[in-house]
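Student: this one's structure only:
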């Protein structure tokens, strides 16, 4: 985004006091508070639906980065050179820290409130709505197929470097682990839960992690809700929990506190718990490491890949200890 994009602000009924760079975008200070200007590559109709949902959340005491309409009443604004933008509320707030237990527990409670509110949104949207989210079984099947493909590639590769030798020695173990996790998911009620979430228009945040959570004192602010979809609530919980636990060496005590904070507001059912255990059993971090390796320039040796693999291996016993003691 360059300075030319700032001309878009002329299309809003705002008195701009100053502008500044903010997270790769432009922030602006107005008489009406702070805003952030972002490029947006979707339709105005989609953003109208988003605006209904933002209002729904704010009417239920959530704080969000809701989108402001321009002078024409449109949410998507087109610049002179044809780029499209949205203008969102912004706040003097701090990013959520994966090392701040108080913030993480508040974030878990906030997610439970969000899921309790959005378990069934039939009738909320006059038209439109959101699309079905990812089906975890399908996602894991694709990931497992890629693990197998990389396994065969490594086996045939001559003159293996140290990372590839390490991978060659352990990849079968994780292919088996991935297969067993998919089997666990198939044995659970996930298929029915996924179908029900679409029928009931159960809204999933789609990207609930520390990157998209801000704090203003003890107030949780949810930002970047552009990946909203229909999916079981347990998928959001899995994404949030897995990333926090990876950053905290799968600390059993912290994990239990996070689940307790969530369950105090929205108790997890037995079938949700079975699904959560199944998806946490999938070696997602391992897949990410080898996926990055496989799709990068293999002629260039990366110590970063090696370090990530070592770190992952160090955490494996801790990950399984957490899963076994959930």
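Tutor: Structure received. Small disclaimer: the values here were computed from a predicted structure and weren't measured. Numbering: from 1, shown residues only.
Student: Remind me which helix or strand the nearest residue to residue 168 once chain neighbours are set aside belongs to.
Tutor: For residue 168, ignoring the flanking residues on the chain, the nearest one in space by C-beta to C-beta, 6 or more residues apart in numbering is residue 154 at 5.0 Å. Where C-beta positions appear, they are placed from N, C-alpha and C, glycine not excepted. Assigning secondary structure by DSSP states H and E places residue 154 in helix 136-156.
Student: ok so, going back, any idea how far the residue nearest to residue 168 lies from residue 173?
Tutor: Distance, residue 154 to residue 173, by C-beta to C-beta, to the nearest Å: 13 Å.
Student: ok, back up a step: touching, the residue nearest to residue 168 and residue 161? I think so.
Tutor: No - if you go by C-beta atoms under 8 Å, residue 154 and residue 161 don't touch, sitting 10.7 Å apart.
Student: more crowded one of those two?
Tutor: For residue 154 versus residue 161, the count of surrounding residues by other C-beta atoms under 10 Å is larger for residue 154: 19 against 14.
Student: And that one, how far from residue 178?
Tutor: Counting by C-beta to C-beta - residue 154 and residue 178 are separated by 16 Å.
Student: Residue 208 too?
Tutor: Distance of residue 208 to residue 178, given as C-beta to C-beta: 24 Å.
Student: for residue 108, same thing?
Tutor: 27 Å.
Student: and what of residue 77?
Tutor: 44 Å.
Student: same question, residue 169
Tutor: Following C-beta to C-beta, the distance that separates residue 169 from residue 178 is 17 Å.
Student: more neighbours, the two?
Tutor: residue 178 (24 against 10).
Student: got the buried residues for the one helix or strand the more buried one maps to?
Tutor: For residue 178, the host element (DSSP H and E) is helix 162-187. Buried residues in helix 162-187, counting neighbours by 16 or more other C-beta atoms under 10 Å, are found at 163-164, 166-167, 171, 174-175, 177-179, 181-182, 184-185.
Student: Ok, stretch 125-133 next?
Tutor: 129-130, 133.
Student: Using a markdown table, please lay out those residues together with pLDDT, secondary structure and distance to residue 220.
Tutor: Listed next are these as a markdown table, based on pLDDT from 0 to 100; DSSP: H, G, I helix; E, B strand; the rest coil; distance: C-beta to C-beta, whole Å:
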| residue | pLDDT | secondary structure | distance to residue 220 |
| --- | --- | --- | --- |
| 129 | 86 | coil | 25 |
| 130 | 92 | coil | 22 |
| 133 | 96 | coil | 22 |
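Student: Residue 45: which of these is nearest?
Tutor: Nearest to residue 45 among the buried residues of stretch 125-133 is residue 129, at 10.9 Å by C-beta to C-beta.
Student: Where does pLDDT dip in the protein?
Tutor: 1-4, 126, 298-301 (pLDDT under 70).
Student: My guess is residue 275 contacts residue 188. True?
Tutor: Yes - in this structure, residue 275 is within contact of residue 188 by C-beta under 8 Å, at 5.0 Å.
Student: Who has more neighbours out of these two?
Tutor: residue 275 (25 against 20).
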